[in-house]
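A.B. asks: make a model of this:
(chains A and B)
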2 protein chains.
Amino acid sequence: MLYIIGLGLSDETDVTVKGLQAIKSCERVYLEAYTSVLMVSKEKLEEFYGRELILADREKVESQSDEILLNADTLNVAFLVVGDPFGATTHTDLVLRARELKVPVTIIHNASIMNAVGACGLQLYNFGQTISIPFFTDTWKPDSFYDRIKENKNLGFHTLCLLDIKVKEQSIENLARGKKIYEPPRYMTVNQAIQQLLEIEENRGEQVLEPESLAIGIARLGSATDQLIRAGTLTQLSTQDFGPPLHSLVIVGSKIHSLEVDYMRGFAVDEQSFDELASKYDH
Amino acid sequence: MLYIIGLGLSDETDVTVKGLQAIKSCERVYLEAYTSVLMVSKEKLEEFYGRELILADREKVESQSDEILLNADTLNVAFLVVGDPFGATTHTDLVLRARELKVPVTIIHNASIMNAVGACGLQLYNFGQTISIPFFTDTWKPDSFYDRIKENKNLGFHTLCLLDIKVKEQSIENLARGKKIYEPPRYMTVNQAIQQLLEIEENRGEQVLEPESLAIGIARLGSATDQLIRAGTLTQLSTQDFGPPLHSLVIVGSKIHSLEVDYMRGFAVDEQSFDELASKYDH
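C.D. replies: Numbering: from 1, shown residues only, chains lettered A, B, ... in the order given. Sure thing, here's the model as predicted:
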């Protein structure tokens, strides 16, 4: 059996009881380590789960999935993913390959950013399509996701923006020279995301976003002790310090329910300017 | 402290380790029992959690929340919800009231239908707004949610349809007579939902849905042993027996990624007609 198990959002105790039981039944346990991270070390997870973890980078999952699936028709193998197995990043290829090899698959769900984002006070019902914002480089500044924000806004919907993570990436020089030297991990901050979004608006001039647009910055969602949520204008949020990763950003839609306003107010950078601005949105 | 704890989707072992630890620290434990249900009895939950559960119906949560919050500034109280605290139904009022009373609140997240629906093979990224389909009566046949399906379809997005649950409802006669006699619980089936949707289409004639539209019926999502997912036309699904509750329905959008097709095929009622139909969608 291949178990694909969601670990939730924050630390080792966010696994479900069912997930923990399954992990303990497994001969091999892989930890997907390139699309998201928990806020605790691999060693802490190993101690809590009582199992050694094999780190699975993108290469292993995408090119060497048969290694993960080896003998999984007769013994139990776990593949652990931060959040939910069907959250922002899915592992469709791995499941399809398991089907081909007649390996039975059990999914054990957990919280992901895609539902836990409701903690910011906006109703999940009122979210449109989720987008991912990649790091800009000097020569590569993709902006197609901006059309999604525009579409969502035109329908009155909020937009959840997932922010880029670069783990185990090689510099172009090292890649060209075939050197397996990896850059330090990078996690996009709320501040960087806002800067990129405003740069796109400046280039396009479509008035989808402006410095006074309402948004919510979220850091370390799901941590009981360390979660940070701040609501305010893009300008206000761009100077807030959100601390360590992971960060996400929510663009508030053009319609806000009064309960959403009441809830968000508790996170306002500045209550007075928040109320003034919120009153200009449709209710 | 008020803990609002998601229980996940299926049985008593879907609680997280963190959630279970919190429950065991609480003096009073309420179970929200009107917007969704687990597939196990209250007694089984009580045995596993080691705590007596106080059932909280809509009236208690909406009108008597101060009872739930009583002394929660000095002792621990848990409020348990099926799925995630910020899934389809949120308890914003309860949190706002807690804030007023200066009761600290900790949210413990879990899987909800809003992210676990990815198990059907469609990417969460490609879902538009989620809708709820209420039971029609002879005199009340609301259909505003049909506009959401239409909007999603025009943008190429899938639509998750949450199906109505009637728990502890009174008949109009008993309500009029002030008799606190409750009807047996009712859970909308995939079949009933399809029948209602096609009735709306027939009345409106907007060609948003037709009998040959692709959809996915889902039953008991998250149950390792008993989950059922079937993909096919609305006509095909309308005659499938999906078994006991809870059911959900996904309307496939006008664009499908080829990986989504490959994954869904494993759930097809009939593979040949599925492939023929899927080939007519945008890729």
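A.B. asks: now A:A78: phi and psi?
C.D. replies: phi -110, psi 140 (degrees, to the nearest 10).
A.B. asks: how much space separates it from chain B?
C.D. replies: Applying Cβ to the nearest Cβ, to the nearest Å, the value for A:A78 to chain B is 14 Å. C-betas here are computed from N, CA, C, even on glycine.
A.B. asks: isn't that residue up against A:Y30?
C.D. replies: Yes: using Cβ atoms under 8 Å, A:A78 makes contact with A:Y30 at a distance of 6.8 Å.
A.B. asks: show me which of the two is the more surrounded one.
C.D. replies: A:A78 (28 against 22; other Cβ atoms under 10 Å in any protein chain shown).
A.B. asks: which residues of chain A fall in strands?
C.D. replies: With DSSP state E as the criterion, chain A has strands at A:2-6, A:28-32, A:54-56, A:77-81, A:105-108, A:131-133, A:159-163, A:165-166, A:186-187, A:214-219, A:228-233, A:247-251.
A.B. asks: and those strands as TSV, adding mean pLDDT?
C.D. replies: Below are those laid out as TSV (pLDDT from 0 to 100):
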stretch	mean pLDDT
strand A:2-6	97
strand A:28-32	96
strand A:54-56	93
strand A:77-81	97
strand A:105-108	96
strand A:131-133	95
strand A:159-163	96
strand A:165-166	90
strand A:186-187	94
strand A:214-219	98
strand A:228-233	98
strand A:247-251	98
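A.B. asks: will you turn those strands into CSV that also has distance to B:A193?
C.D. replies: Listed next are the strands of chain A as CSV, based on distance: least, Cβ to Cβ, whole Å:
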stretch, distance to B:A193
strand A:2-6, 27
strand A:28-32, 35
strand A:54-56, 39
strand A:77-81, 31
strand A:105-108, 24
strand A:131-133, 29
strand A:159-163, 27
strand A:165-166, 38
strand A:186-187, 41
strand A:214-219, 33
strand A:228-233, 35
strand A:247-251, 30
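A.B. asks: nearest to A:Y263, of these?
C.D. replies: Of all the strands of chain A, strand A:228-233 sits nearest to A:Y263, with 9.4 Å by Cβ to Cβ.
A.B. asks: return the distance of A:Q64 relative to chain B.
C.D. replies: In terms of Cβ to the nearest Cβ, A:Q64 sits 19 Å off from chain B.
A.B. asks: is there a neighbour count for A:T35? I'd like the number.
C.D. replies: 18.
A.B. asks: just checking, it touches A:G87?
C.D. replies: No: using Cβ under 8 Å, A:T35 is not in contact with A:G87, being 9.1 Å away.
A.B. asks: dump the residue contacts of the residue in the stretch 101-250 of chain A that chain B sits nearest to.
C.D. replies: Proximity of the stretch 101-250 of chain A to chain B (Cβ to the nearest Cβ) peaks at A:G118, 2.5 Å away. Going by Cβ atoms under 8 Å, 6 or more residues apart in numbering or on different chains, A:G118 touches A:L124, B:D84, B:P85, B:F86, B:G87, B:T90.
A.B. asks: now for the third one: which residues touch it?
C.D. replies: Contacts were defined as Cβ under 8 Å, 6+ apart; by that measure B:P85 touches A:G118, A:A119, B:I4, B:I5, B:G6, B:H91, B:I107, B:I108, B:H109.
A.B. asks: distance to A:L198 added to those, as a markdown table?
C.D. replies: Shown next, in a markdown table, are the contacts of B:P85 (distance: Cβ to Cβ, whole Å):
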| residue | distance to A:L198 |
| --- | --- |
| A:G118 | 26 |
| A:A119 | 26 |
| B:I4 | 35 |
| B:I5 | 39 |
| B:G6 | 35 |
| B:H91 | 35 |
| B:I107 | 31 |
| B:I108 | 35 |
| B:H109 | 31 |
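A.B. asks: neighbour-wise, which of those residues leads?
C.D. replies: B:H109 leads the contacts of B:P85 on contacts (other Cβ under 10 Å) with 32 neighbours.
A.B. asks: how far away is A:N152 from A:H158?
C.D. replies: 7 Å (Cβ to Cβ, to the nearest Å).
A.B. asks: who touches both of these two?
C.D. replies: With Cβ under 8 Å, 6+ apart, A:N152 and A:H158 have common neighbours A:F127, A:G128, A:I251, A:G253.
A.B. asks: where's the dip in pLDDT among those residues?
C.D. replies: Of all these, A:G128 has the smallest pLDDT value, namely 87.
A.B. asks: who does A:I229 bridge with?
C.D. replies: Taking DSSP bridges as the rule, A:I229 bridges to A:I218.
A.B. asks: which parts of the stretch 151-283 of chain A sit against chain B?
C.D. replies: A:E151, A:L155, A:F157, A:G222, A:A224, A:L259, A:D262, A:Y263, A:G266 (Cβ under 8 Å from any Cβ of the partner chain).
A.B. asks: so who does the third one touch?
C.D. replies: With Cβ under 8 Å, 6+ apart as the criterion, the residues that contact A:F157 are A:N126, A:F127, A:G128, A:G253, A:K255, B:Q129.
A.B. asks: pull out the buried residues from these.
C.D. replies: A:N126, A:F127, A:G128, A:G253, B:Q129 (16 or more other Cβ atoms under 10 Å in any protein chain shown).
A.B. asks: distance of the second one relative to A:R51?
C.D. replies: A:F127 sits 36 Å away from A:R51 when distances are taken as Cβ to Cβ.
A.B. asks: same check on A:L70?
C.D. replies: 17 Å.
A.B. asks: the more surrounded of those two?
C.D. replies: A:R51 (19 against 14).
A.B. asks: ok, the more buried one - contacts?
C.D. replies: A:I23, A:K24, A:C26, A:V29, A:A78.
A.B. asks: which of those has the most neighbours?
C.D. replies: A:A78 (28 neighbours).
A.B. asks: picking that back up, any idea which of the contacts of A:R51 is closest to chain B?
C.D. replies: Nearest member of those to chain B, counting by Cβ to the nearest Cβ, is A:I23, at 11.3 Å.
A.B. asks: next up, the contacts around that closest one.
C.D. replies: Residues in contact with A:I23 (Cβ under 8 Å, 6+ apart) are A:Y3, A:I5, A:V15, A:V29, A:Y49, A:G50, A:R51, A:A78, A:L80.
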